[in-house]
Structures are given as structure tokens and as C-alpha cells.
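> From the sequence below, what's the structure:
(chains A and B)
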Amino acid sequence: MADVITVPQVQPVQPALRFLRVIPGVLLLAGVGYAGKLLEQNVGAYAKARHWTFPNIEYVLWAIVLGLLISNTVGVPEIFRTGVATYEFWLKAGIVLLGARFLLGDILKLGGVSLVLVAIEIAGSLAFMTFLGRLFKLKPKLTTLLAVGSAVCGVSAIIATKGAIEADDEDSSFSIAAILALGALALFTFPVIGHFLHLSDRAYGLWAGLGVDNTAEATAAGALYSDAAGKLAVLVKSTRNAMIGFVVLAYAIYWASKGQAQAVGNKAAFLWQKFPKFVLGFLLISVLATYHFFNKDQVGALANLSRWAFLLTFAGVGLRTNFSDMRKQGLRPFAVGAIGEVVIAGFTLALVYGAGKIFGW
Amino acid sequence: MSAEVERGKKGSRWKPSLDTWAVLVAFLLALLVRTGVFKHIPW
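The predicted structure follows:
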């Protein structure tokens, strides 16, 4: 009799099942975000009715803080995790819809200025982080990941670079943990510093877009200051994101020349693959709005849809940030990241001041 | 294997990225607003 070998069958997850798995977490994002919105409305009114001096805390901060409380006390149960991870999807959809609030002329004008600042920021940050990595004797590929994460766009840049330079999983986990922890700190420190320095909405929005690494945190840090600063932070951050392909390509070629990564074949295809498509969506919606494809009420409706999408994003930022997980990743990459971020924050603030002087803001 | 099946297999390999899905959903929502399906979105 022939031996019967039972091979475990790996069933592909059906799209309908994948959709169902996402629902609990999305409902949690919506619940936490909406609770943040209710707290904004009610806490302020409650304090005012009792003549208490209480700062007006925006829904953005309430949603993040509620998420952080859940994540760092009871934790996020497994059933919610797939849905919570969709916060990046909502962020990108929100950015595309936000394009309706920008006229193309503004994008070209502000985008032109921010493009120059972004180029200087990326070059300066890459050089400084590489220097720091060498000073602290970090592994070269870990240094590359931290440099790209700080200079371009946080987690997405690290993931894109990891594949291109064939870095270890451990190195990318270190870098992601450091960038996320520092992004969470930036969320709370940037608005405080901005208010302390009496930065205008424009100067602060530029600074948040240039200095905060992860797109979600940059969007939140901008929105925490003001609506106008939030809009500008998203525009500048999207300009930084658009550079991701070029930076990753440069590093891929560098590591391939050292024989430690595969050579890049079709460079144009590589750039297209790495290019963040939501930036194109944002521009296209803005073109449609500029040429009055949407009337005033419709632009208002799209702006509100964008706010709802960001509400889910901000809840997700809190829910996915777990400080004990971050502590486990070790101190040295975090120290390099922290020193780098402080210097980059100072450097980008100086850039914004310089641009303000030149353009008379 | 027939050419049709072969083509079908190749065609099914394209998977939209998260970015692409976000853009598609955002444009679908914009279209629904533009056509008046969603008339008022409260905030």
C-alpha cells in the first residue's frame, strides 16, 4: 500500500473574507476617531460652562491620545489588527480628496518653493544621518534605512529601500521602530515649539511637512496647529514623498555597485513602481477642482470626506503606537534616530526661516 | 494549456497597490459627490 502523505493545503484568502477581516478594525478606528470628535466638542463646552480655563484640544489630539491609551494599556486584540492597519489607506485616500481644496496655481507656487526646500532637506538629512550612523558604528545598511526614513518619508521609504538594497528584516524593524517612536514624539513637540516661536500657519506647515518623517504624523502635526498649516504640511510632505523613487534608486545602484544588492534593470520602471500614486491622485483632483469640475458645495463635501478619512488615520496613529514594543528594539538605532531628528528639525526650521526672509512671509 | 488560460493567469497577476486602491476609492467618492449621489457630507 502506498504511503499517504498529507500535505497541508494553504488556502488563498478570498477577497470577501479579507474584506470581512478588515471590518472590526475599521469600526474601531471610526469609534476612536468619532470619540475624539465628540470629546473636542463636549469637553470644551463643559469647561466653558463651568468657567474653567481649559485649552481647546482638537479632535486630532483626542483621537491620537485615545488610540495611544488603548494600545498601551489593554492593547489592540488580534481581531482588530488587520482593520487598524488600514489607517494608511485612509490617509492616502484623504490626501487625494484634499486635492480638491488646492488650486493648481497654489500647488505650483508652493510646490516650487517646497521642492527646493525638500531637495536641500533630503540632501542634508541623508548626509547627516550617514555621518551619525558611522559615528555610532551602526551596520551600513541599517544606517541607509535610518537615513532614508528620516530624509524622505518614514516607514514607506524604509520598506521600499529594504527590498531594493536587500537589507535584513531586523535592520528594517529597528529603523521602523525608531522612526515611529520619533514620529510620535514629533507629534507632541512640533506644535508646542511652533506656538512658542509664534510661527505663522505657512511657516509651521512648511516645517511640519519638512521635519516630521511619517506622512500620517506630518499630517497630524500640521492639523494640530491649524487647518491651513495642516493643508500645507500635507502638500510639502507629498513633495517629499514624490522623491522616494529617486532616493531609493540611488541607494539601490550604490549597494549593487558594492555587490550587495541586485542591479537595477529598467530604471524608469523602477521609478514608476516606487512612485507614490496618491501624489498623482492629489494633483489630478486639484486639476479638476481648478477647472471647476466640482462646484463650491461639492468641494466642501470632498473636503469633509477628506476630514473623515483623516479622522480614521489619526485614530490609527495612536492605536498602532506601542511604546513597550519600541523599547524592545534597542537603544543605539533609537539614539541615532533621535539625535538625527533633533538636528533635522533644527535644520528644517532654519530653512523655513531662511525661505521666509527670501519670500517675505 | 490554452493561450486564453495563459493570458488569464498573466492578467490575474496585476494587483493594485495600497496607493492605487486609495486613489481609486477617492476618485469613486469624488464621482459620487460630482453626480449628486452624495449631496451633503456633514462634519
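
> Pretty sure residue A:305 sits against residue A:98.
No: applying Cβ atoms under 8 Å, one finds residue A:305 not in contact with residue A:98, separated by 9.4 Å. In this view, the C-beta of every residue, glycine as well, is placed from N, C-alpha and C.

> So residue A:56, which state does it fall into?
Classification of residue A:56 using DSSP: H, G, I helix; E, B strand; the rest coil returns coil.

> count of neighbours near it?
Using other Cβ atoms under 10 Å in any protein chain shown, residue A:56 has 9 other residues around it.

> From chain B, how far off is it?
17 Å (Cβ to the nearest Cβ, to the nearest Å).

> burial of residue A:173, as a residue count?
Count around residue A:173 with other Cβ under 10 Å applied: 18.

> An error on my part: the question was meant for residue A:189.
Residue A:189: 16 neighbours (other Cβ under 10 Å).

> out of residue A:305 and residue A:98, which sits in the busier spot?
Neighbours were counted for residue A:305 and for residue A:98 using other Cβ under 10 Å; residue A:98 has more, 26 against 23.

> residues in contact with the helix or strand encompassing that one?
According to DSSP states H and E, residue A:98 maps onto helix A:87-98. Contact with helix A:87-98 is made by A:29, A:215-216, A:219, A:231, A:234, A:238, A:276, A:278, A:281-282, A:285, A:302-303, A:305-310, A:312-313, A:315-317, A:319-320, B:18-19, B:21-23, B:25-27, B:29-30, as judged by Cβ atoms under 8 Å, 6 or more residues apart in numbering or on different chains.

> how does it look with 7 Å?
Residues from elsewhere that reach helix A:87-98 (Cβ atoms under 7 Å, 6 or more residues apart in numbering or on different chains): A:29, A:215-216, A:219, A:231, A:234, A:238, A:278, A:281-282, A:285, A:302, A:305-306, A:309-310, A:312-313, A:316-317, A:320, B:18-19, B:21-23, B:25-26, B:29-30.

> For the closest residue to residue A:151 other than its chain neighbours, give me its contacts.
Closest residue to residue A:151 apart from its sequence neighbours, by Cβ to Cβ, 6 or more residues apart in numbering or on different chains: residue A:125 at 3.7 Å. Applying Cβ under 7 Å, 6+ apart to residue A:125 gives the contacts A:150-151, A:344.

> run the last query once more with 8 Å
The contact partners of residue A:125, by Cβ under 8 Å, 6+ apart, come to A:147, A:150-151, A:340, A:344, A:347.

> Chain B versus that one, what's the distance?
23 Å.

> name the element that residue belongs to?
Once you assign secondary structure using DSSP H and E, residue A:125 falls within helix A:104-135.

> circling back to that earlier point, who wins for most neighbours among the contacts of residue A:125?
Those, ranked by neighbours (other Cβ under 10 Å): first place residue A:150, 30 neighbours.

> gap between that one and chain B?
As for residue A:150, its distance to chain B is 22 Å (criterion: Cβ to the nearest Cβ).

> wouldn't that residue be in contact with residue A:342 here?
No: assessed by Cβ under 8 Å, residue A:150 is found out of contact with residue A:342, at 10.9 Å.
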